[in-house]
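**Student:** Prediction below, plus the sequence it came from.
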Amino acid sequence: MDKQDKKRLLVILPRVPWPLEKGDKLRAYHQLRILSRYFELHLFALNEGPVHPEAFRQLSPLFKSLHFFPLTLASRILNVGLAWLRGWPLQVGYFYNYYAHQKLKQITALQQAEYIYAQLARTAPYAVGIDAFRTLDLQDAFAAGIQRRTTKAAWYLRPFLRMEFRRMQSYEAKLLERFDQLTIISEADRNLIDSPDKERIGIVPNGVDTAFFQPLKKAHTTEIVFTGNMAYPPNIDAARFLVQEIMPFVWAEKPETRVVIAGAFPHAEVRALAGSRVKVTGWVDDIREAYASARLFIAPMRIGTGMQNKLLEAMAMEIPCITTPLANQPIGTAPGKEVRVAETPGDLATHILELLDDPESARAMAEAAAAFVREKYSWEGATAHLVSLFPG
């Protein structure tokens, strides 16, 4: 498409989409990489800390203009308090800043974009009221995710989480009235939205950069790997579940089995899992190295919503994968063909032991998984559907 024919699209994000250590940033970056072929993009991104020194260089080729607005700690605390009084979900208040909103209004007046694309309910207050076709990417069913966290949370956190769940559930339903178009990552997540109009929400799945996540020939230095942002509560819970509940069954049969937990910002509860048979790495410069170092990948997710990028990446790299029904349902693999799926610690451990003992079956399953990802999950295909949702 000729540059002069491109319409202007203003993108509103809760985080600068570089580096790609969080799922929302990964989704935003790859979508915008492809959207830049069809639209003149302008980015307004909030930021909780210092902007990564590579961010401007990595993002500049995609955007006509870049605008980053820092959210100070003081403003975040103040705005959580204001959200409490307004009846907003507290995480929406956490990302809302009056001065950021005024800055965005100036940018909107200057750019006069025909389209708005905002990511997550957190950015909704910024986009509502702009005179353009407004699309909000819910990404996940956040209210349902909060409800699931409540079941595993400490008793003293449960009243707070129940309140946040009720507020977010109501807020998500009202967004259908306030935006021209909503999108979400999977049919499973759409079914969790509490609204009679939820069928209006378009499904835009994640993809995998299969040119990047390819099989690597690398000596195995461990048996099992789990990856992800290790400050994210569902990943913290999964790491604890793996080491404290699943692995004792495995170690009873194979005491030499090693586990690597790889990912940015490991929480204290994750760091505490480290030991002679468990390595917690923290940030990894090239996550492919972590995948390829292991004989098996496991994503033992018990809470959370959305689509597990980590699982798709491991599948694309032909690493034999084990996961739970919660993580498998949005992806839609055939259990036993492309991945092994189980829910209880004992059943998950049985899958680990069987695959370690039968490398030929593990290899056949991994090859089927990679073929499944290449056929079903490409950023190009998913984002082409997103483009079709913009009118004109």
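**Tutor:** Sure thing, it's come through.

**Student:** Just the C-alpha atoms of stretch 239-246, please, in PDB.
**Tutor:** Only the C-alpha atoms of stretch 239-246 are listed here, as PDB (Å, rounded to 0.1, in the frame of the first residue of the first chain):
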ATOM      1  CA  ALA A 239       6.400 -22.600  39.300                       C
ATOM      2  CA  ARG A 240       5.500 -23.500  42.900                       C
ATOM      3  CA  PHE A 241       3.000 -26.200  41.700                       C
ATOM      4  CA  LEU A 242       5.800 -27.700  39.500                       C
ATOM      5  CA  VAL A 243       8.500 -27.800  42.100                       C
ATOM      6  CA  GLN A 244       6.500 -28.500  45.300                       C
ATOM      7  CA  GLU A 245       3.700 -30.800  44.100                       C
ATOM      8  CA  ILE A 246       4.600 -32.300  40.700                       C
END
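
**Student:** Work out the gap between it and the centre of the chain.
**Tutor:** 21 Å (C-alpha atoms, centre = their mean, to the nearest Å).

**Student:** Can you list the neighbours in contact with that stretch?
**Tutor:** 224, 226, 230, 259, 261, 269-270, 273, 278, 298, 300, 302, 345, 348-349, 352 (C-beta atoms under 8 Å, 6 or more residues apart in numbering). Bear in mind the C-beta positions are built from the backbone N, C-alpha and C, glycine included.

**Student:** buried ones in that stretch?
**Tutor:** 239-243, 245-246 (16 or more other C-beta atoms under 10 Å).

**Student:** now those in a markdown table, with distance to Thr123, pLDDT and secondary structure?
**Tutor:** Below are those laid out as a markdown table (distance: C-beta to C-beta, whole Å; pLDDT from 0 to 100; DSSP: H, G, I helix; E, B strand; the rest coil):
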| residue | distance to Thr123 | pLDDT | secondary structure |
| --- | --- | --- | --- |
| Ala239 | 29 | 98 | helix |
| Arg240 | 31 | 98 | helix |
| Phe241 | 32 | 98 | helix |
| Leu242 | 33 | 98 | helix |
| Val243 | 35 | 98 | helix |
| Glu245 | 37 | 98 | helix |
| Ile246 | 37 | 98 | helix |
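
**Student:** Columns distance to Pro159 on top of the residues you listed, output as JSON lines?
**Tutor:** Shown next, in JSON lines, are the buried residues of stretch 239-246 (distance: C-beta to C-beta, whole Å):
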{"residue": "Ala239", "distance to Pro159": "26"}
{"residue": "Arg240", "distance to Pro159": "23"}
{"residue": "Phe241", "distance to Pro159": "24"}
{"residue": "Leu242", "distance to Pro159": "29"}
{"residue": "Val243", "distance to Pro159": "29"}
{"residue": "Glu245", "distance to Pro159": "26"}
{"residue": "Ile246", "distance to Pro159": "30"}
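
**Student:** secondary structure element for Tyr166?
**Tutor:** Actually, residue 166 is Arg. It isn't Tyr. Assigned by DSSP states H and E, Arg166 belongs to helix 158-178.

**Student:** buried sites along that helix?
**Tutor:** For helix 158-178, the neighbour count (16+ other C-beta under 10 Å) marks 161, 164-165, 167-169, 171-173, 175-176 as buried.

**Student:** What is the nearest of the residues you listed to Pro325?
**Tutor:** Phe165 (21.5 Å; C-beta to C-beta).

**Student:** and stretch 69-86, C-alpha only, in PDB?
**Tutor:** C-alpha atoms of stretch 69-86 as PDB (Å, rounded to 0.1, in the frame of the first residue of the first chain):
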ATOM      1  CA  PHE A  69       4.600   9.100  29.200                       C
ATOM      2  CA  PRO A  70       6.200   8.100  32.500                       C
ATOM      3  CA  LEU A  71       3.900   7.100  35.400                       C
ATOM      4  CA  THR A  72       5.600   8.000  38.600                       C
ATOM      5  CA  LEU A  73       5.200   5.900  41.700                       C
ATOM      6  CA  ALA A  74       3.400   8.800  43.500                       C
ATOM      7  CA  SER A  75       0.900   9.200  40.700                       C
ATOM      8  CA  ARG A  76       0.200   5.500  40.600                       C
ATOM      9  CA  ILE A  77      -0.500   5.400  44.300                       C
ATOM     10  CA  LEU A  78      -2.700   8.500  44.100                       C
ATOM     11  CA  ASN A  79      -4.700   7.200  41.100                       C
ATOM     12  CA  VAL A  80      -5.300   3.800  42.700                       C
ATOM     13  CA  GLY A  81      -6.900   5.700  45.600                       C
ATOM     14  CA  LEU A  82      -9.000   7.800  43.100                       C
ATOM     15  CA  ALA A  83     -10.100   4.600  41.300                       C
ATOM     16  CA  TRP A  84     -11.300   3.200  44.700                       C
ATOM     17  CA  LEU A  85     -13.500   6.300  45.100                       C
ATOM     18  CA  ARG A  86     -14.700   6.200  41.400                       C
END
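
**Student:** residues making contact with it?
**Tutor:** 44-49, 89-90, 92-97, 99-100, 103-104.

**Student:** Show me which of those are buried.
**Tutor:** 44-47, 89-90, 92-97, 100, 104.

**Student:** With secondary structure added, can I get these in TSV?
**Tutor:** Shown next, in TSV, are the buried ones among the contacts of stretch 69-86 (DSSP: H, G, I helix; E, B strand; the rest coil):
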residue	secondary structure
Phe44	strand
Ala45	strand
Leu46	strand
Asn47	strand
Pro89	coil
Leu90	helix
Val92	helix
Gly93	helix
Tyr94	helix
Phe95	helix
Tyr96	coil
Asn97	coil
Ala100	helix
Leu104	helix
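
**Student:** For this structure, which residues score under the pLDDT cut-off?
**Tutor:** 1-4 (pLDDT under 70).

**Student:** how's it carved up into domains?
**Tutor:** If you go by automatic domain parsing, the domain ranges for the chain are 3-207+379-388, 222-376.

**Student:** What segments of the stretch 101-250 of the chain are helices?
**Tutor:** 124-127, 142-152, 158-178, 187-190, 233-240, 247-253 (DSSP state H, counting those that start in this stretch).

**Student:** Nice, that's everything, thank you.
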